[in-house]
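>>> Provide a 3D model corresponding to the input given below.
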Amino acid sequence: MSGTISLVDPPREDIEKCILLFDQGKLEETVSFGQKLSEKYEGSSILYEILGAAYLGLGNDEKTIINYQKLLFIRPKHTDAYNNLGKVFHEKGDYKEAVNNYQKAVDIEPNFADAHFNLGNSFKQAGDLRRAVESYKKSLNITPYDTEVLSSCGEALYEYGDFDQAIEYYRKIMEIDPKLTSYQAIISATEIKKANFEDLINNYMDKNEISFNSKEMYNFSGILLQEDGFLEAAVDNYMKAIELDSNYWEAFKNMGVCLFKNGSYQEAIVVFKKTILAIPNDVGILINLGIALRHMKKFDESIENFKNVLKIEPHNIEAYVHMSASLDEQGQFDSAIECCNKALNIYRGRQDFESCKVQVIFRYVSASGLVSQGFNSVEIDATSEQLAIVSLQNILHGGLQIRMNKTIDLTPKPESNILTVYKDKIKNKSTLQITILFFGMFLFIIASLSKFLNRMF
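Modelled structure (predicted):
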């Protein structure tokens, strides 16, 4: 929208008719009537507000966004428009844009409780639990008896790993509405979780004769929280340990792994690089750094880290497998397979070579993306050579498709019998259709597998 526009609204009776249609739930009629009016009164903010709300109700994201943007062009401080735009982007899964719009709403209107709540929901979905809790608390400062917000805040606190505060918020819900008895079971489960965690902490402190606020205690707390999936709280505990001792490299290592697991690859890289300067021969850090760099598409650096591992441990299978994946993503297929062959040579002479061979082939297949579309990753124990071979056959039954768009990365795994198999997601097909499909796949496998293994060995 450009130039000068008239800000004249339609006649009052037309506006009232449009609002009445909306209130009656006649959204299609609202849109039809309102759109006609907007062609004549293009500067009417009330029309764009009604149309935006109607399109929001109809689930038409594109038209909702267009009308609220037109409204904001005329009234740039319209907080309801920002709030509703936030809802649209949240539903679309664009949490970054949702946060931007909700933030604008609360910046303009700090006492907009619903916008604070919605902002918390988008932060939570984006994985930022700390800021989610902050937003929920701001909403509760305005509407302290809103049980929905209290519940969401309690959930975020639990997911973060703050069991004490989670229990506190769940209890507030029951104080407000004693009929909500289901929260008692949630409180009990959280109290058990808290007690188990505290028992482990206390036993560790007694055994190692350390104080509650020591760097060792914070590091151990981080490990416990990380193992249970409370990654943000784990990082906070590692940070507390590092604040007490800036050279506590064990906490740095653990924090790097935690950041990696949380998808914060760039932050993990920073931590790993700082740690490796202090302990340059730590193979685990080098491998983790190499994998994180691959996630960030920094393949040359990634490969260099795996080469550094092999200088320290020339027979490190993980370095070869993950270096093959980085080479593969660079398009260096021959070099990638050469890495896998070197990994296989490490196992030659062992009694379980055939089982190990299958495992290495499989792990290369998994790490480099040579997998068939439509498969999920699950883990099983390969307790025997036969099971390993059967597992490989299971993943190959759909045929290898080289250079799929979606690459599957494996974090470092123990060298013991762990395989990943891929289960077919094909659903709602008749038995005849599946039989025909698998017969065709079988013919393809015979040629593909023969060619692939000849090239490998």
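
>>> low-confidence ranges in this structure?
Scanning the chain for pLDDT under 70 picks out the ranges 1-7, 347-457.

>>> Which parts of it are strands?
375-381, 418-424 (DSSP state E).

>>> Could you count how many residues lie near I210?
As a burial measure, I210 scores 14 neighbours (other Cβ atoms under 10 Å). Where you see a C-beta, it was placed from the backbone N, CA and C, and this is true even at glycine.

>>> actually F212, sorry about that
F212 has 10 nearby residues by other Cβ under 10 Å.

>>> check contacts around it.
M205 (Cβ atoms under 8 Å, 6 or more residues apart in numbering).

>>> For it, what are phi and psi?
Taking degrees, to the nearest 10, you get phi -60, psi -40 for the backbone angles of F212.

>>> Please tell me how far it sits from A233.
Distance, F212 to A233, by Cβ to Cβ, to the nearest Å: 16 Å.

>>> With G120 instead?
From G120 over to A233 the distance is 17 Å, taken as Cβ to Cβ.

>>> Compare these two (neighbour count), which wins?
Shown here are G120 and A233; by other Cβ under 10 Å, G120 has more neighbours (27 against 24).

>>> The more buried one and G229, how far apart?
From G120 across to G229, the span is 20 Å (Cβ to Cβ).

>>> again, but for D164
In terms of Cβ to Cβ, D164 sits 18 Å off from G229.

>>> Next: Q165.
Taking Cβ to Cβ, one finds Q165 at 18 Å from G229.

>>> Please identify which of these two sits among more neighbours.
Just comparing Q165 and G229: by other Cβ under 10 Å the higher neighbour count belongs to Q165, 16 against 12.

>>> my guess is the more buried one meets A156, correct?
No - the pair Q165 and A156 does not pass the contact test of Cβ atoms under 8 Å, sitting 9.7 Å apart.

>>> need the contact list for A115.
79, 82-83, 86, 102, 105-106, 109.

>>> tell me the contacts of the nearest residue in space to it that is not next to it in sequence?
Nearest residue to A115 in three dimensions, chain neighbours excluded: A105, at 4.0 Å (Cβ to Cβ, 6 or more residues apart in numbering). Taking Cβ under 8 Å, 6+ apart, we find A105 in contact with 79-80, 82-83, 86, 112, 115, 119.

>>> Show me the two of these that sit farthest apart.
Maximum pairwise distance in the contacts of A105, criterion Cβ to Cβ, is 14.5 Å, between D80 and L119.

>>> Tell me which of these two has more neighbours.
Higher neighbour count among D80 and L119: L119, with 28 against 18, using other Cβ under 10 Å.

>>> Contacts only, for the closest residue to the more buried one other than its chain neighbours.
Spatial nearest neighbour of L119, excluding adjacent residues (Cβ to Cβ, 6+ apart): Y102 at 3.8 Å. Applying Cβ under 8 Å, 6+ apart to Y102 gives the contacts 82-83, 86, 115-116, 118-119, 122.

>>> Adding distance to G263, write the residues you listed out as TSV.
Below are the contacts of Y102 laid out as TSV (distance: Cβ to Cβ, whole Å):
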residue	distance to G263
Y82	28
N83	28
G86	23
A115	27
H116	25
N118	23
L119	21
S122	17
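
>>> Hmm, I276 and L289 touching each other?
Yes - using Cβ under 8 Å, L289 is in contact with I276, at 6.5 Å.

>>> who has more neighbours, those two?
L289 (27 against 21).

>>> residue contacts, the closest residue to that one other than its chain neighbours?
With sequence-adjacent residues excluded and distances taken as Cβ to Cβ, 6+ apart, L289 is closest to F272, at 4.0 Å. Residues in contact with F272 (Cβ under 8 Å, 6+ apart) are 256, 285, 288-289, 292.

>>> What of L244?
Neighbours of L244 in contact, by Cβ under 8 Å, 6+ apart: 213-215, 218.

>>> Could you tell me which of those residues count as buried?
214-215, 218 (16 or more other Cβ atoms under 10 Å).

>>> Make TSV out of the residues you listed and add distance to N202.
Putting those into TSV (distance: Cβ to Cβ, whole Å) gives the following:
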residue	distance to N202
S214	13
K215	17
Y218	15
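
>>> returning to that earlier point: can you name the two of the contacts of F272 that are farthest apart?
Greatest spatial distance among the contacts of F272 (Cβ to Cβ): I285 and A292, at 10.3 Å.

>>> So for these two, which residue has more residues nearby?
A292 (28 against 24).

>>> right, and the more buried one touches A268 too?
Yes - contact criterion Cβ under 8 Å: A292 and A268 qualify, at 4.9 Å.

>>> Quick one: the contacts of F272 as CSV, columns for distance to E175 too.
Listed next are those as CSV, based on distance: Cβ to Cβ, whole Å:
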residue, distance to E175
G256, 42
I285, 49
N288, 46
L289, 49
A292, 46
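
>>> In helices, which of the residues you listed appear?
Among the contacts of F272, the residues falling in helices (DSSP state H) are 256, 285, 288-289, 292.

>>> which one of those residues is nearest E42?
A292 (51.6 Å).

>>> give the contact list for that closest one.
Counting by Cβ under 8 Å, 6+ apart, the residues that A292 touches are 260, 265, 268-269, 272.

>>> L27: how many residues sit nearby?
Neighbour tally, L27, other Cβ under 10 Å: 18.

>>> Also A319?
A319: 27 surrounding residues under other Cβ under 10 Å.

>>> That one contacts E304, doesn't it?
No - shown here, A319 and E304 do not form a contact pair, counting by Cβ under 8 Å, at 11.4 Å.

>>> How far away from the center of its chain is stretch 95-114?
Centre-to-centre, stretch 95-114 and its host chain are 23 Å apart (Cα atoms, centre = their mean, to the nearest Å).

>>> Now do the contacts for E159.
Here E159 is in contact with 124, 129, 230 (Cβ under 8 Å, 6+ apart).

>>> Would you mind measuring from the first one to H116?
Applying Cβ to Cβ, one obtains 13 Å for the distance of K124 from H116.

>>> which one of the two has more residues nearby?
Ranked by neighbour count (other Cβ under 10 Å), K124 and H116 place H116 first, with 26 against 22.

>>> Now E267. Nearest residue, chain neighbours left out?
E267's closest residue in space is L259 (Cβ to Cβ, 6+ apart), at 4.7 Å.

>>> Nearest spatial neighbour of M255, chain-adjacent residues omitted?
Y238 (3.8 Å).

>>> residues in contact with the one you found?
Residues near Y238 by Cβ under 8 Å, 6+ apart: 218-219, 222, 251-252, 254-255, 258.
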